[in-house]
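A.B. asks: need coordinates for the following:
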Amino acid sequence: MERWEKIDGAIDRVETILIVVFLSAMMLLAFLQIFLRNVLMTGFAWGDMLLRNLVLWIGFIGATLATREGKHINIDAISRSLPPFARGLGELAIHIFSCFICSVLAFSSFKFVRNEAQMGTPTLLGIPIWILEVILPFAFALMALRFALRLMKSGLNLKKGISLDRGEGK
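C.D. replies: Alright, predicted model coming up:
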């Protein structure tokens, strides 16, 4: 578990750097596009497509970071009123469901990207479109792994809670 935490921390640092770099590039490119269009009546033909893809990458990298920090969308109106054990079971069920859904999405997006690679459709500057879409399976797989880690932690916490309630952990 500690090894995964170290690896996850390193991935977290890479994600943070990527978001900063991509967001900076996106702001610079957007500014240049606006300036070139309004002042010089020109612009980069590939600029708008690159901006859309940068938004996609930033959004998915942000989703993986939100999953790591536990800041993903969460509706917990009912869980607040539950006793601790029931709340723990609910958390366990949510992590199982989230891990399953992210795994299915990772598998499906992998197949999608593989099909795009086989078709070989070029995009801006001759870059194959599948390279720009590779964030999809990677992000969903990372989110599934992070939900699996949360699932293990929740299971261990629930087990500790059960043993403490029975007086076994003293």
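A.B. asks: tell me how far the residue minimising distance to the centre of the chain lies from residue 116.
C.D. replies: What sits nearest the mean C-alpha location of the chain, by C-alpha atoms, centre = their mean, is residue 64, with 2.4 Å. In this view, residue 64 and residue 116 are 21 Å apart by C-beta to C-beta, to the nearest Å. No exception for glycine: its C-beta is placed from N, CA and C like everyone else's.
A.B. asks: helix or strand: which one has the residue nearest to the centre of the chain?
C.D. replies: In this assignment (DSSP states H and E), residue 64 forms part of helix 47-69.
A.B. asks: contacts for that helix, please.
C.D. replies: 8, 12, 15-16, 18-19, 22-23, 25-26, 29-30, 32-33, 44, 72, 123-124, 132, 135-136, 138-139, 142-143, 146-147 (C-beta atoms under 8 Å, 6 or more residues apart in numbering).
A.B. asks: what angle separates the longest helix seen in the chain from helix 47-69?
C.D. replies: The longest helix of the chain (DSSP state H) is helix 2-39. Computed by axes from the mean of the first three to the mean of the last three C-alpha atoms, to 10 degrees, the angle separating helix 2-39 from helix 47-69 equals 150 degrees.
A.B. asks: what packs against helix 2-39?
C.D. replies: Based on contacts counted as 3 or more C-beta pairs under 8 Å, 6 or more residues apart in numbering; DSSP states H and E, the elements that helix 2-39 packs against are helix 47-69, helix 135-165.
A.B. asks: and residue 90, which of those is closest to it?
C.D. replies: For the helices and strands packed on helix 2-39, proximity to residue 90 was assessed by C-beta to C-beta; helix 135-165 is nearest, at 9.7 Å.
A.B. asks: for residue 128, phi and psi?
C.D. replies: The phi/psi pair for residue 128 (degrees, to the nearest 10) reads phi -60, psi 140.
A.B. asks: pull the contacting residues for it.
C.D. replies: Residue 128 sits in contact with 116-117, 120-122, where contact means C-beta under 8 Å, 6+ apart.
A.B. asks: please convert the buried members of these into PyMOL selection syntax.
C.D. replies: Only the buried members of these end up in this PyMOL selection, burial being decided by 16 or more other C-beta atoms under 10 Å:
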select buried, resi 116
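A.B. asks: which of the contacts of residue 128 fall in helices?
C.D. replies: Filtering the contacts of residue 128 for helices - DSSP H - leaves 116-117.
A.B. asks: put together JSON lines for the contacts of residue 128, with distance to residue 85 on each row.
C.D. replies: Supplementary listing: the contacts of residue 128 in JSON lines, determined by distance: C-beta to C-beta, whole Å:
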{"residue": "116", "distance to residue 85": "46"}
{"residue": "117", "distance to residue 85": "48"}
{"residue": "120", "distance to residue 85": "54"}
{"residue": "121", "distance to residue 85": "52"}
{"residue": "122", "distance to residue 85": "56"}
